[in-house]
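[1] Pasted the sequence and its predicted model underneath.
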Amino acid sequence: MTKSVFVTVGTTKFDDLIDKIDSPKLFNILLKYGFNKMIIQIGNYSGTIENSLPFNDNKNNNNTNSSSTTKFESLYFDYKPSLSEFMKNSDLIISHAGSGSILESLENNKPCICVVNDRLMDNHQKELADKLSNLSYILSTNSTSLYETIETKLDEYLKNRIYLDKSIHQKAQQQFATSLSNQFKLINNNNNNNNNNNENDNTKTTTTSSSSSSKTTNSKKKLKTMVVLGSGGHTTEMFYLLKKVDKNKFNPITYVLADSDKRSEDKIRIEDTSSPIIKKIPRSRNVGQSFFKSIFTTLIALFYSMLLVFKEKPDTLLCNGPGTCVPLAVSVLLLRWLRIGKGSKIIYIESLARVNDLSLSGKILQHISDWFVVQWPELLSKTDSSNVSCINLFFETF
């Protein structure tokens with residue numbers, strides 16, 4: 001009987017983890033727990049795989065890896081458009097600490113050992129890993145302590161782990177979708193009230209009559225929506241957010257992503273089976289890029305963002321934290337100030353990975369967003385937004 005482990009590093013480069021994974025020592029540890037097969041998604045691994053064989057989609061991959069042990073089979077590949085089937089068919093997942101991979105593991109009801117990459121600058125992944133580990137959803141560790149964690153903590157975790165409550169997840173998705181529609185009505189009503197206050201008394205009767213007709217029209221109006229995606233967890237979270245949003249109202253949807261973000265484009269084509277509208281702009285900031293260099297790349301991205309926003313003229317800009325969203329939101333604000341276009345509304349949802357502090361995108365956009373959403377109550381006191389809500393899509397937080 002096959003008992004398998006699936007390892008994923010998502011869209012990232014995590015050599016320290018792959019070095020630990022592709023090792024006869026780990027194979028032997030896993031054998032003690034009854035696992036006899038492992039499939040490794042290695043991502044942008046820069047080293048050499050020595051103890052595992054290439055995964056072949058066209059074969060059953062029943063060949064034994066004689067370089068390690070005759071009882072353990074280990075296979076690897078770099079990327080696939082979807083990792084869903086590998087997760088569903090596994091008995092244990094070892095994952096990097098990206099929110100997208102963690103959420104997919106939990107949604108598939110799989111035990112997850114989450115390995116934090118200590119080399120990342122501004123390592124917000126550790127916030128999420130530690131939080132969910134304390135809540136017993138996952139088992140958190142780092143690459144250095146991986147073997148020890150499996151040998152000393154895996155049994156206890158498997159006995160006591162908490163499963164994702166899908167009813168909470170579905171209720172939160174509906175709450176977000178309903179709140180989004182209501183927030184948009186609130187924003188429009190506030191704008192209408194401001195306009196009415198500027199009119200003189202002689203036109204009030206006519207305005208009231210036309211306002212009622214206008215509200216009925218607005219409730220049925222389609223809202224052209226621009227959705228900003230980012231590599232890895234940002235894109236996964238965004239599609240969870242969109243799951244129950246009224247596509248008849250928020251339509252058409254234009255997806256915007258960085259020109260180097262191939263993985264998000266793959267995800268769009270899996271999640272959106274219509275003919276999705278996809279637009280690309282230069283990446284505002286690369287992972288690990290210094291803040292100083294980011295100034296110049298952001299200015300370039302801002303130029304292309306202004307062109308895109310002016311051309312598309314969306315009613316709504318929906319974003320959840322990737323650096324790509326900052327120049328787009330600033331573009332919306334600039335065109336709003338210049339009274340060009342429709343005056344798009346900015347809706348910002350902070351990433352699930354942000355537990356204790358806002359992201360850089362969040363710190364900037366809290367001041368210009370029409371609706372600002374955080375997912376953990378710890379962040380409510382960290383934002384200066386005048387219109388803030390706490391909606392966690394996956395976990396009870398109050």
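    It's in. Numbering: from 1, shown residues only.

[2] low-scoring stretches of the protein, by residue?
    58-70, 121-122, 186-220, 285-291, 341-342, 398 (pLDDT under 70).

[3] Determine which residue lies closest to the centroid of it.
    Closest to where the C-alpha atoms of the chain average out (C-alpha atoms, centre = their mean) is residue 234, at 2.2 Å.

[4] so what's it up against?
    100, 320-322, 351 (C-beta atoms under 8 Å, 6 or more residues apart in numbering). For every residue, glycine as well, the C-beta is placed using N, CA and C.

[5] Let's see that with 10 Å instead.
    Residues in contact with residue 234, defined by C-beta atoms under 10 Å, 6 or more residues apart in numbering, are 98-100, 228, 257, 261, 264, 319-325, 349, 351-353, 359, 361.

[6] again with residue 365
    Per C-beta under 10 Å, 6+ apart, neighbours of residue 365: 317, 319, 321, 325-326, 328-330, 333, 346-348, 350, 358-359, 372, 385.

[7] if you set the cut-off to 6 Å instead, what comes out?
    329, 348 (C-beta atoms under 6 Å, 6 or more residues apart in numbering).

[8] again, but for residue 100
    232-233, 236.

[9] rerun at 10 Å
    Residue 100 neighbours (C-beta under 10 Å, 6+ apart): 8, 10-11, 83, 231-240, 263, 267, 352-353.

[10] again with residue 102
    With C-beta under 10 Å, 6+ apart, residue 102 has these contacts: 10, 93, 95-96, 112, 114, 125, 128-129, 132, 137-138, 140, 233, 236, 352-353, 394.

[11] okay, now residue 379: neighbour count?
    Neighbourhood size, residue 379 [other C-beta atoms under 10 Å]: 21.

[12] Let me know whether it touches residue 353 as I believe.
    No: using C-beta atoms under 10 Å, residue 379 is not in contact with residue 353, being 11.5 Å away.

[13] could you show me where the helices are in the stretch 251-398 of the chain, in order?
    Taking DSSP state H, counting those that start in this stretch as the test, the helices found in the stretch 251-398 of the chain are 262-271, 291-312, 325-337, 360-365.

[14] Am I right that residue 90 is in contact with residue 38?
    Yes: using C-beta under 10 Å, residue 90 is in contact with residue 38, at 9.0 Å.

[15] Need the overlap of contacts for these two.
    Common neighbours of residue 90 and residue 38, using C-beta under 10 Å, 6+ apart, are 4-7.

[16] among the residues you listed, which are in strands?
    4-7 (DSSP state E).

[17] just the residues you listed now: which is nearest residue 389?
    Taking C-beta to C-beta as the measure, residue 389 lies nearest residue 6 of those, at 35.1 Å.

[18] just the strands in this protein please.
    Going by DSSP E, the chain shows strands at 4-8, 37-41, 53-54, 73-77, 92-96, 112-116, 139-142, 225-228, 253-258, 277-281, 316-319, 345-349, 371-374, 388-390.

[19] I'd like the ones you listed as TSV, with mean neighbour count appended.
    Shown next, in TSV, are those (neighbours: other C-beta atoms under 10 Å):
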stretch	mean neighbour count
strand 4-8	24
strand 37-41	23
strand 53-54	14
strand 73-77	21
strand 92-96	26
strand 112-116	25
strand 139-142	22
strand 225-228	27
strand 253-258	22
strand 277-281	17
strand 316-319	25
strand 345-349	24
strand 371-374	25
strand 388-390	16
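
[20] Distance to residue 176 added to those strands, as a markdown table?
    Output for the strands of the chain, formatted as a markdown table (distance: least, C-beta to C-beta, whole Å):
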| stretch | distance to residue 176 |
| --- | --- |
| strand 4-8 | 27 |
| strand 37-41 | 30 |
| strand 53-54 | 41 |
| strand 73-77 | 34 |
| strand 92-96 | 25 |
| strand 112-116 | 24 |
| strand 139-142 | 27 |
| strand 225-228 | 14 |
| strand 253-258 | 15 |
| strand 277-281 | 22 |
| strand 316-319 | 11 |
| strand 345-349 | 8 |
| strand 371-374 | 8 |
| strand 388-390 | 9 |
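
[21] Which one of those lies nearest to residue 271?
    With C-beta to C-beta as the criterion, residue 271 lies closest to strand 253-258 of the strands of the chain, at 9.8 Å.

[22] quick one: that closest one to strand 277-281, angle?
    30 degrees (axes from the mean of the first three to the mean of the last three C-alpha atoms, to 10 degrees).

[23] Which strands or helices does strand 253-258 pack on?
    Applying 3 or more C-beta pairs under 10 Å, 6 or more residues apart in numbering; DSSP states H and E, we find strand 253-258 packed against strand 225-228, helix 233-242, helix 262-271, strand 277-281, helix 291-312, strand 316-319.

[24] let's go with 7 Å and repeat that
    strand 225-228, helix 262-271, strand 277-281 (3 or more C-beta pairs under 7 Å, 6 or more residues apart in numbering; DSSP states H and E).

[25] Many thanks, we can stop here.
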